[in-house]
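Dropping the sequence and predicted coords here.
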Amino acid sequence: MKHGRWTNAAAESRDRHNQADLIGGSLSFFFVALSLVLSLKIGHAHEPPEEDEILMQEVVVADTPLEAEKPPLPSAASERTITEQEIALQPQTGRPGNLLRLVPGLMTLNPSGGPGKGDNFLVRGFDADHGTDLAGFLDGMPLNLRSHAHGQGYLDLNFLIPETIKDIQVHKGPYQAQYGDFNTAAAANFVTRDIVSQDVATATGGQFGTQRYLLMFSPTKGRVRSLVAAEGFYTDGPFIHPNRYPRFNGLLKLTMNPTTRSELSVTGTQYIGRWNASGEIPLREVDAGRLNRFGSLDPSQGGRTQRSTVHLRYHYDTPFGGSAFAETYLQYYRLNMFSNFTFFLNDPVNGDGIEQDDRRFLYGGELGYRQTGELFGMAGSATIAAQARIDDAQVRLANQRQRVLLSTTVNSAIHEASYSPYLRLEFKPAAWIRFVGGARADFFTFNVGDRCDASCAQHTSGKTAAMITTTKGNLIFGPWFGTEFFLNGGTGFHSNDARAVVSNPTIQPLARATGYEVGFRTRQWDRVELLVALWTLDLSSELVFNGDDATTEILGATRRYGVELGNRLKLLEWLTFTGDVTFTHATFRSTGAAIPQAPLMTGRADVTANFGGLAASVQMLHLGSRWLTEDRSVSAQPFTIFNLVVRYRPVTKGPWRNLEGYLSIQNLTDTQWRQTQLFYKSQLTTESRPAGDIHFVPGTPRMVVGGVSWYF
């Protein structure tokens, strides 16, 4: 970041044209698709419904509660399934990743004041950065990016359209055999719906120039089930230097049954976005009154990104209780990001601006067979499968000033592949005990080629390979009097950046995590639900590859443990209270020093009313103080914010029955809070020496957003 405004007129003009094109393209898609669905509606208005028509739940609140599909039986007390009804009652923040805040102890924060950048994730004593220890999936397709230009396991969820999500299945700890890389603290699988029962067009607007347009419809709902969704979003944000963030998301999904025993689905997504960012700012400048908390020291920060995916899934159910399944996927990804974290610490003339560029193809799939039945009188199932994944990436780090290239630090061609067979077992020896577990092996190859010329500061190349085996086991006892008890244990891992692995033989390519958990869930009188989980998680090597300066820091083994408490109370037939609180302890095993950024306490609560056509929720979110340095000398500021969401759709018959109103107020009390908070050294042009300080991104002030949806 630098003092003053970005004055590259040509770049500004190009940005404006690109943003206008993007918004125009989104609106054009919106209206073209609207015309298409209207023509389909008119053309089929007199056709009888298919006999095998499948109807999904509406996104909006209906006049009577809608029965949701039963989620899979939990194998751990800490498992969480986020339903579409909960998704519908979340604030319109423009950040789909915030849906994960519904998971106890999982906090998402906005880094760098740039809405297009991937979230920061805090979970189970991990500052999982942008996804290093949180595995993300869309219908089972992996979303984390290995050896990414900005951070290992980079998980950008901005391409998701919340209304297309049927549910989110979240598993804490490394206890599930189907999940491999990055599943140490948690894994989250976003499950998309096949169709919508009512087509919908939504227009939303609010403070800071925020606009959102959504069109979602199902042209066919019979033997071929289809879902089309398009979203256009724009915001300037609360910053003095506007974000100017346009985003377009699209989704197309087709599901069909080639035979009575088989199902085939094809899903495609498209995401394009670009943004300006204010970056993390030093607290000393804000406290001295020299910098507004929504200001910037280098407003040329920001970036642009794109992601395109195609995902094909197939399964065939045999007459003997078995199911053969296969899937394959292809993704194209591009990120070009400009940042400045330390200002003039390293280069007092040009400043410390960097450019990170990542361009890759990611492809892979899974092939397997599942058999259900009885063995020695025990009901159960066995799954044997193999997964494969390949990342072909071009990753570059360079120095820049106001988005003008100065020099290249490192430029690498990375070919990283993994091959992962696994076995998953589930059986029930008695009516009161259930076992879920398995094992997997992961084989990795790392191949890094140097694409730099002689002027580059670093030259990295090499090849290596690694393998790791992991085991999982979950015992579930009960239910007795509405209560189940859980014992869980397992090992998992996350891969490390290929550039670090091939350049330093002492670095573990695959860092092993070992976790244990004990807990219970109880449901009483159909009105009270409680859960308690005690857990511990060890990581063999805490390694950080810093994509901002292409350096590696080996931090050693770590230990984390904690407790999670949650409850749901049905106060009245139309009024529900839910709440949870988590406590965590996180240290380095050799020294007992604190792990910076590790969340020590989180809390969440909401009161939700469903009455007639009205649904309203008041929500509280709390993140406690956490250490920012290993010696515990500096801590982050805690925060507590409140949000309000209201939806209303008339229940009476008439022309207004197809309209729904929406109101969201984020940060209801207008609290001054901080999102990402880091402690490091930086230097300004007015300073003669570096200064260690907290650098932070301000939290959103009170923000009102409202909109209307038309169902047709």
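It's in.

Could you pull up the mean pLDDT of the helix or strand containing Ser412?
Assignment of secondary structure by DSSP states H and E places Ser412 within strand 404-430. The average of the pLDDT scores along strand 404-430 is 97.

again with stretch 578-592
95.

Flag every buried residue along that stretch.
Across stretch 578-592, burial judged by 16 or more other C-beta atoms under 10 Å covers Thr578, Gly579, Asp580, Val581, Thr582, Phe583, Thr584, Ala586, Thr587, Phe588. In this view, the C-beta of every residue, glycine as well, is placed from N, C-alpha and C.

likewise stretch 469-480?
Thr470, Thr471, Lys472, Gly473, Asn474, Leu475, Ile476, Gly478.

okay, and the helix or strand of this structure with the least pLDDT?
helix 9-43 (a mean of 41; mean pLDDT, DSSP states H and E).

partner strands of the helix or strand following it, parallel or antiparallel?
Downstream of helix 9-43, the first helix or strand assigned by DSSP H and E is strand 80-83. Partners of strand 80-83 in the sheet, by DSSP bridges, are strand 165-172 (antiparallel).

need the next SSE after the strand it pairs with, C-terminal direction.
Next along the chain from strand 165-172, counting by DSSP H and E, comes strand 186-192.

Can you name every helix or strand that that next one contacts?
strand 134-138, strand 165-172 (3 or more C-beta pairs under 8 Å, 6 or more residues apart in numbering; DSSP states H and E).

quick one: average pLDDT of the longest one?
Think strand 165-172. Computed over strand 165-172, the average pLDDT equals 97.

quick one: it to strand 134-138, angle?
On the basis of axes from the mean of the first three to the mean of the last three C-alpha atoms, to 10 degrees, strand 165-172 is oriented at 150 degrees to strand 134-138.

ok, residues contacting strand 165-172?
56, 69, 71-72, 76, 78-84, 87, 99-100, 102-103, 105-106, 123-124, 179, 183, 185-193, 517, 533, 535, 564 (C-beta atoms under 8 Å, 6 or more residues apart in numbering).

6 Å instead?
Contacts to strand 165-172, defined as C-beta atoms under 6 Å, 6 or more residues apart in numbering, come from residues 78-84, 87, 103, 186-191, 193.

Check stretch 84-95 too.
Contacts of stretch 84-95 (C-beta under 6 Å, 6+ apart): 59, 99, 102, 115, 162, 165-166, 204, 233, 235, 617, 643, 645, 664, 666, 705.

before we move on, what about stretch 385-398?
Counting by C-beta under 6 Å, 6+ apart, residues outside stretch 385-398 touching it are 146, 149, 355-364, 366-368, 405, 408-422, 550.

go on, stretch 591-607?
Under C-beta under 6 Å, 6+ apart, the answer for stretch 591-607 is 105, 107, 122, 125, 127, 558, 577-584, 586, 617-624, 626-628, 630, 632.

Filter the residues you listed down to the buried ones.
105, 107, 122, 125, 127, 558, 578-584, 586, 617-619, 621, 623-624, 626-628.

what about Thr578, distance to Ala605?
Using C-beta to C-beta, to the nearest Å, one obtains 7 Å as the distance from Thr578 to Ala605.

Would you map the strands across the stretch 251-400 of the chain?
Along the stretch 251-400 of the chain, the stretches classed as strands by DSSP state E, counting those that start in this stretch are 262-277, 281-282, 301-317, 322-339, 354-375, 378-401.

Gln85 in helix, strand or coil?
Under DSSP: H, G, I helix; E, B strand; the rest coil, Gln85 falls in the helix class.

burial count for it?
Using other C-beta atoms under 10 Å, Gln85 has 19 neighbouring residues.

mind checking how far it is from Gly289?
46 Å.

again with Pro319
For Pro319, the distance to Gly289 - C-beta to C-beta - is 76 Å.

Could you list the low-pLDDT ranges of the stretch 501-650 of the chain?
Counting by pLDDT under 70, the stretch 501-650 of the chain contains low-confidence ranges at 544-552.

Kindly recompute the last result at 90.
505-506, 525-526, 541-556, 590, 612 (pLDDT under 90).

same check, this time on the stretch 51-200 of the chain
Low-confidence segments of the stretch 51-200 of the chain (pLDDT under 90): 51-73, 92-94, 110-115, 127-130.

at 50 what do you get?
Within the stretch 51-200 of the chain, the ranges that satisfy pLDDT under 50 run 51-69.

Of the buried residues of stretch 469-480, which is the nearest to Leu254?
Each of these was scored against Leu254 by C-beta to C-beta, and Lys472 proved nearest at 33.7 Å.

Strands along the stretch 401-550 of the chain, start to end?
Going by DSSP E, counting those that start in this stretch, the stretch 401-550 of the chain shows strands at 404-430, 433-450, 462-480, 483-495, 510-524, 528-539, 543-546.

who does Gln306 bridge with?
Beta-bridge partners recorded for Gln306 (DSSP bridges): Ile272, Arg334.

Report how many residues lie close to it.
Neighbour tally, Gln306, other C-beta under 10 Å: 17.

Ok, the one 3 residues further on next?
Counted with other C-beta under 10 Å, residues neighbouring Thr309 total 20.

Assess the claim that it and Tyr333 are in contact.
No. Taking contacts as C-beta atoms under 6 Å, Thr309 lies outside contact range of Tyr333: 8.9 Å.

give me the beta-bridge partners of the residue nearest to Pro142 when sequence neighbours are not counted?
Leaving out its chain neighbours, the residue that sits closest to Pro142 by C-beta to C-beta, 6 or more residues apart in numbering is Arg389, at 6.4 Å. Counting by DSSP bridges, Arg389 is bridged to Gly364, Ser418.
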